[in-house]
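Novice: Below are the sequence and a predicted model; questions follow.
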Amino acid sequence: MAPPVEPAKPADHPKPDAAAKPGGEKPKDEKLALVLGDLSVAPRAQLRVRGELIGDRTLAGGVSQTVFTHRARLGLGAEWKDVARLVVDVQDVRGWGAEVTAAPPAPQDVTLFGKVAGSVDLQQAFAAVALGPAELRVGRQAIAFSNERVIGGVDWTQQGRSFDAIAIASKAPGTFGYTGFCSIVRDLDFVPTATTPGLALCAVNVEHKVLPAFRYAPIVMVEMTDNDTLLSRATFGARFDGAVAGFSYDVDALGQTSWVGRDVKLAYLAGVRANYEVDTMLHPKAGVTLDYVSGGDPATADVVTFDTTYGTNHKFYGFQDLFLNLPVHTLNRGLLDAAVNLAVTEGPFSAQLAVHAFAPTAYDGPGAFYGIEPDLVGKYDLSKQVSLHLGGSLFVPVGEALGRGDQTAPWLYGMLDVKL
């Protein structure tokens, strides 16, 4: 069995870090909008710089890494009447000191001659056309479903996630909304030597807020490869959430069917979050979390590990990101994540503490436990446009089920985020 793949960088905080808004913000909502008759044009920009101390995630006691990365985005939105709009966002994502030059005798002064290939990319580029109460969007776009359990913007990563897609969504927020899209994820006509199959994705998410204390959000998504002997998959289920008198809850129930030819596999995921907030100084909110992700070896079992596909896993399974890629990072052994958390907010300051205990759901060997991870993150808003972030975590391995070493892994970060 292949060893777990090391995550290259962490990927999406819940508070105190919000996810990217799907579809881009409309120009009329921007303070910098330039109005020319029926045409509204608005620029936007972001620079986000993050420094991180990343411990050895093989847990073998290796050397920690200290890295600085940045996201630089420059975008433009244009809207004609409420009939059509265009959104284009260009971004540069790179690690500081990663610039290189050609081999000697080429100049070696990277501050002058350096270049990072492929660092500049389109984060979004789409056209949107109003269709009554709905909007049709065509092009490259950020899309997030509900709480981002299986489709998310992964905004914590500097690059974020975008889909080349055709989407239709309800225009105005309210008690009822929907988003549906189809995307070409991989097209082998452009990369004929690729070893992975071509892949298309179609998904629908509906949200209906019946009462302040109850909202349900069903989701269906289907992934199809261009080869019937290779993996295709359907994911389905719903989210239920609500809040009343300081108490809030959030429940996910998802199933997954995958098939290779006629060989059908099943998987499932269940998640429960419950919190209670006190309306007093610091607005303390205490809560508990329980996530259950099925596990099983696809070579021998009928029930296998649930694949979180395009989800924002950093929001759910610890900020250390040792479980960023399910099922790879658990060796197909599933995941049970039990956590307690405490959050406080006062004016421009917010902080969150969570303590996770991780274990497998499909492992019969000795030491059937993964480890314990406390996370502490904080955010301070200097203004609406500028925020400072600090945080860290420590993963303490316990047991042998994770299949890595037994050394602790620290992670610390500091970040400056400027949005205009």
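Specialist: Received, thanks. The model shown is predicted, which means the values in this text are computed figures rather than measured ones.
Novice: Tyr276: which element?
Specialist: Using DSSP states H and E, Tyr276 maps to strand 263-277.
Novice: Mind checking the pLDDT average for that strand?
Specialist: Mean per-residue pLDDT for strand 263-277: 95.
Novice: Below-threshold pLDDT in the protein: ranges please.
Specialist: 1-31, 101-108, 113, 115, 117-118, 192-195, 228-231, 261-262 (pLDDT under 70).
Novice: now for the strand holding Tyr276, which elements pack on it?
Specialist: strand 247-260, strand 285-293 (3 or more C-beta pairs under 8 Å, 6 or more residues apart in numbering; DSSP states H and E). C-beta coordinates here come from the backbone N, C-alpha and C atoms, glycine included.
Novice: mind giving me a markdown table with those and columns for distance to Arg233 and mean neighbour count?
Specialist: Converted to a markdown table, the helices and strands packed on strand 263-277 look like this (distance: least, C-beta to C-beta, whole Å; neighbours: other C-beta atoms under 10 Å):
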| stretch | distance to Arg233 | mean neighbour count |
| --- | --- | --- |
| strand 247-260 | 4 | 17 |
| strand 285-293 | 15 | 18 |
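Novice: tell me which residues of the strand holding Tyr276 are tucked away?
Specialist: For strand 263-277, the neighbour count (16 or more other C-beta atoms under 10 Å) marks 265, 267, 269-271, 273, 275, 277 as buried.
Novice: Stretch 301-314 now?
Specialist: 301, 303-314.
Novice: sec struct for Leu136, please.
Specialist: For Leu136, the assignment made with DSSP: H, G, I helix; E, B strand; the rest coil gives strand.
Novice: quick one, what contacts it?
Specialist: 128-129, 166-168 (C-beta atoms under 8 Å, 6 or more residues apart in numbering).
Novice: Looking at those, which are in strands?
Specialist: 128-129, 166-168 (DSSP state E).
Novice: sorry, back to before: quick one: the strand holding Tyr276 to chain centroid distance?
Specialist: Strand 263-277 sits 17 Å away from the centroid of its parent chain (C-alpha atoms, centre = their mean, to the nearest Å).
Novice: ok, back up a step: tell me the one of the contacts of Leu136 nearest Leu353?
Specialist: The closest of the contacts of Leu136 to Leu353 turns out to be Ala167 (C-beta to C-beta; 37.0 Å).
Novice: from memory Ala130 sits against Val83, does it?
Specialist: Yes - with contacts counted by C-beta atoms under 8 Å, Ala130 reaches Val83, the gap being 5.3 Å.
Novice: you'd agree His314 is in a helix?
Specialist: Yes - counting by three-state DSSP, one finds His314 located in a helix.
Novice: residues in contact with the strand holding Tyr276?
Specialist: Under the contact criterion C-beta under 8 Å, 6+ apart, strand 263-277 has outside partners 149, 237, 246-259, 283-294, 296, 298, 301-308, 316, 341.
Novice: Quick one: work out the angle between that strand and strand 285-293.
Specialist: 170 degrees (axes from the mean of the first three to the mean of the last three C-alpha atoms, to 10 degrees).
Novice: Strand 263-277 vs strand 247-260, what angle?
Specialist: 170 degrees.
Novice: okay, strand 263-277 in CSV with CA atoms only?
Specialist: Below are the C-alpha coordinates for strand 263-277, written out as CSV (Å, rounded to 0.1, in the frame of the first residue of the first chain):
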residue,chain,number,x,y,z
ASP,A,263,-17.5,-3.4,-9.0
VAL,A,264,-19.5,-1.1,-6.7
LYS,A,265,-18.2,0.4,-3.5
LEU,A,266,-20.1,2.3,-0.8
ALA,A,267,-18.9,4.9,1.7
TYR,A,268,-20.4,7.4,4.1
LEU,A,269,-19.7,10.5,6.2
ALA,A,270,-21.6,11.9,9.2
GLY,A,271,-20.7,15.1,11.1
VAL,A,272,-22.3,16.8,14.1
ARG,A,273,-21.5,20.2,15.5
ALA,A,274,-23.2,21.8,18.5
ASN,A,275,-22.4,25.2,20.0
TYR,A,276,-23.7,27.5,22.7
GLU,A,277,-22.9,31.2,22.8
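Novice: returning to what we had before: would you list the buried residues of stretch 301-314 in a markdown table and tack on secondary structure and distance to Tyr380?
Specialist: Listed next are these as a markdown table, based on DSSP: H, G, I helix; E, B strand; the rest coil; distance: C-beta to C-beta, whole Å:
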| residue | secondary structure | distance to Tyr380 |
| --- | --- | --- |
| Ala301 | coil | 47 |
| Val303 | strand | 45 |
| Val304 | coil | 43 |
| Thr305 | coil | 38 |
| Phe306 | coil | 36 |
| Asp307 | coil | 37 |
| Thr308 | coil | 31 |
| Thr309 | coil | 34 |
| Tyr310 | strand | 31 |
| Gly311 | coil | 28 |
| Thr312 | coil | 23 |
| Asn313 | helix | 26 |
| His314 | helix | 20 |
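Novice: need these in TSV with distance to Leu112, can you?
Specialist: Formatted as TSV, those follow (distance: C-beta to C-beta, whole Å):
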residue	distance to Leu112
Ala301	56
Val303	57
Val304	52
Thr305	49
Phe306	49
Asp307	45
Thr308	43
Thr309	43
Tyr310	39
Gly311	41
Thr312	38
Asn313	39
His314	36
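Novice: any idea how far His329 is from Ser40?
Specialist: Remark: distance between His329 and Ser40 (C-beta to C-beta, to the nearest Å) = 45 Å.
Novice: Kindly report the same for Thr305.
Specialist: Distance from Thr305 to Ser40, by C-beta to C-beta: 47 Å.
Novice: now do Val396
Specialist: Val396 sits 53 Å away from Ser40, taking C-beta to C-beta as the criterion.
Novice: got it, and Ala270?
Specialist: Distance, Ala270 to Ser40, by C-beta to C-beta: 45 Å.
Novice: my guess is Ala167 contacts Gln141, does it?
Specialist: Yes - applying C-beta under 8 Å, one finds Ala167 in contact with Gln141, separated by 6.5 Å.
Novice: which one of those two has more residues nearby?
Specialist: Neighbour count, other C-beta atoms under 10 Å: between Ala167 and Gln141, Gln141 has more, with 25 against 22.
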